[in-house]
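1. Pasting the sequence and the predicted coordinates here, then a few questions.
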Amino acid sequence: MNRACLSLIFALLTLSTYAQSGYPPPCDEVKQVKLDTDQRKRHILSEFISSCVQNKYWINDKGIILLREYQNQQGKSCWLLLPSIDDSYKDNPPNRSASFDGDIILIFDADSKQNIKPTVGDKTLLNQCLEQIIGDRVYTRPTIKSRWTDMVLPVTNHKMKEGAHRHTLGNGGSLIIIFNADGSYEKLLPV
């Protein structure tokens, strides 16, 4: 009886330890990093995710965060946080990602003007790995198609080749975080 109890306890402890350690990422091409290294970063990420849900930047249980990490002109470490619901990351896939309370964050290196630096490595392998990590959290972008229209251009009287495109203005949920040397941070809305 004692031997059976000890075996059972050992098995439960082993399973408990494995469950608490979390699962490793499904592939090695994209490095998994920890972003919430302190309480303020955890608060920033938590607040940003809440705003994405509350403001409906993420819909139908779809959405990831695109994080651009850069140094501004003053040399301060900054984040540009962007909500995303499609697979546009595939054009220039990052080689780092993070998981935060079940949400996926893709981490891009950017220059001081917030432009993403070109991908280093095999894009196909990175995209295959990211597809495994992200799963069904994003929509697949449709191929670009032409738009039918019956409108005629003024003065020239030629038929328009495409229908109207609707572009909304605003920051689309983006947020800039500037980390100060004293441990504080500033939030800015991009324009």
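-> Received the coordinates, thanks.
2. contacting residues around the residue lying closest to Phe179 once chain neighbours are set aside?
-> Distances taken as C-beta to C-beta, 6 or more residues apart in numbering place Ser77 nearest to Phe179, at 4.6 Å, with adjacent residues excluded. No exception for glycine: its C-beta is placed from N, CA and C like everyone else's. Going by C-beta atoms under 8 Å, 6 or more residues apart in numbering, Ser77 touches Glu69, Gln71, Ile178, Phe179.
3. Check Asn127 too.
-> Lys90, Pro93.
4. could you measure it against Pro118, distance?
-> 15 Å (C-beta to C-beta, to the nearest Å).
5. again, but for Thr140
-> In terms of C-beta to C-beta, Thr140 sits 23 Å off from Pro118.
6. and what of Cys129?
-> 18 Å.
7. Looking at these two now, which is surrounded by more residues?
-> In this view Cys129 and Pro118 are compared by other C-beta atoms under 10 Å, and Cys129 has more residues nearby, 21 against 8.
8. ok, back up a step: from the contacts of Ser77, which ones fall inside strands?
-> In strands, defined here by DSSP state E, the members of those are Glu69, Gln71, Ile178, Phe179.
9. Buried among these? Make that a ChimeraX selection.
-> With 16 or more other C-beta atoms under 10 Å as the criterion, this ChimeraX line picks the buried residues out of the ones in strands among the contacts of Ser77:
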select :179
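10. Among the ones in strands among the contacts of Ser77, which one sits closest to Pro93?
-> Distance to Pro93 across the ones in strands among the contacts of Ser77 (C-beta to C-beta) is lowest for Glu69, with 15.2 Å.
11. The closest one against Ile105, yeah?
-> No - look at Glu69 against Ile105 with C-beta atoms under 8 Å: they stay out of range, at 10.5 Å.
12. List the buried residues of stretch 96-113.
-> Neighbour-count burial for stretch 96-113 [16+ other C-beta under 10 Å]: Arg96, Ser97, Ala98, Ser99, Phe100, Asp103, Ile104, Ile105, Leu106, Ile107, Phe108, Ala110.
13. Specify which member of these is nearest to Glu186.
-> Of these, the one sitting nearest to Glu186 (C-beta to C-beta) turns out to be Ala110, at 17.6 Å.
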